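Chemist: predicted model follows, preceded by the sequence.
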Amino acid sequence: MSGRLTVRPGRQLALDLGHRPAFGRDYFLVAHCNAVAVAWIDRWPDWPSPGLALWGAPASGKSHLAAVWRSRAVAACPNPASLAGRAPAEIAQGSSAVLLDSLDATLAAAGAGAGDLAEAVLHLYNHLAAAGGHLLVTGEAPPARWTIALADLRSRLVALPAVGIERPDDATLAAVLVKLFADRQVRVGEDVVALLVARMERSFAAAAAAVDALDRAALAGGRSVTPALVREVLLEPEIPGT
């Protein structure tokens, strides 16, 4: 894998990685794999169209970044599966911004109701566009690859700027792990980080789960976070998220 760390036990890692406040105490880590998407969220409300499509693999952080936008825009966030038959003003709940998270999956699973759902989303899009508002939709792929029953809705969603969040590479994942450990005031060596990077899923969610599990185990046992603890807690049977 590219960016694999050299194991040098005992050496501490330094890191300067940005972070973004989100809902509650959570934060969104800014890295190369999501920098373009973050820039688009930062650009709001100066978007060149009535909306934006944000896409990425599960656990890539797209829903978290969408929540950052939702907070900034004071956006409504209805369940996309509940939209059929509802008026745009009811869906928007008085806001000029609406987030439809995982819209691709909802459209694909709509079955016989796909047409009604697509029509509701189309009317919502038109309502927001006419009011100078914005629609943010998220999915696992760009809208051009979605199953969309209504041609008019498809043309509008495909025309939106579509920005993706890639899975972090080894170097980014290592930086994220060190950042998460540092936030908990836990010092780790490169051997711990290298072992985690070599064995875990490429996602920020998996990194957070791994660090949380190791921190809890270390505190409970009065131990340091070492490769032995990683193997004991996470690699038997697996690191969370793998």
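Modeler: Perfect, I can see it now.
Chemist: what's the one helix or strand residue 219 maps to in contact with?
Modeler: In this structure, residue 219 is located in helix 204-221 according to DSSP states H and E. When contacts are defined by C-beta atoms under 8 Å, 6 or more residues apart in numbering, helix 204-221 is touched by residues 29, 59-61, 168, 173, 176-177, 180-181, 184, 186, 196, 200, 223-225, 229-230, 232-234, 239-242. (Glycine included, C-beta is placed from N, CA and C.)
Chemist: among those, name the ones in strands.
Modeler: residue 29 (DSSP state E).
Chemist: and residue 137, its phi and psi?
Modeler: Residue 137 adopts backbone torsions of phi -120, psi 150, taken as degrees, to the nearest 10.
Chemist: touching, it and residue 153? I think so.
Modeler: No. Taking contacts as C-beta atoms under 8 Å, residue 137 lies outside contact range of residue 153: 10.6 Å.
Chemist: tell me the domain ranges of this structure?
Modeler: Structural domains assigned to the chain are 34-165, 168-233, following automatic domain parsing.
Chemist: before we move on, the earlier item: which of the contacts of helix 204-221 count as buried?
Modeler: 29, 59-61, 168, 173, 176-177, 180-181, 186, 196, 200, 225, 229-230, 233-234, 239-241 (16 or more other C-beta atoms under 10 Å).
Chemist: nearest residue to the residue nearest the centre of the chain other than its sequence neighbours?
Modeler: By C-alpha atoms, centre = their mean, the chain has its centre lying nearest to residue 61, at 1.5 Å. Residue nearest to residue 61 in three dimensions, not counting chain neighbours: residue 204, with 5.2 Å by C-beta to C-beta, 6 or more residues apart in numbering.
Chemist: against residue 66, how distant is the one you found?
Modeler: Per C-beta to C-beta, to the nearest Å, residue 204 is found 14 Å from residue 66.
Chemist: residue 117: which element?
Modeler: Using DSSP H and E, the element containing residue 117 is helix 114-130.
Chemist: quick check: mean pLDDT of that helix?
Modeler: Average pLDDT, helix 114-130: 97.
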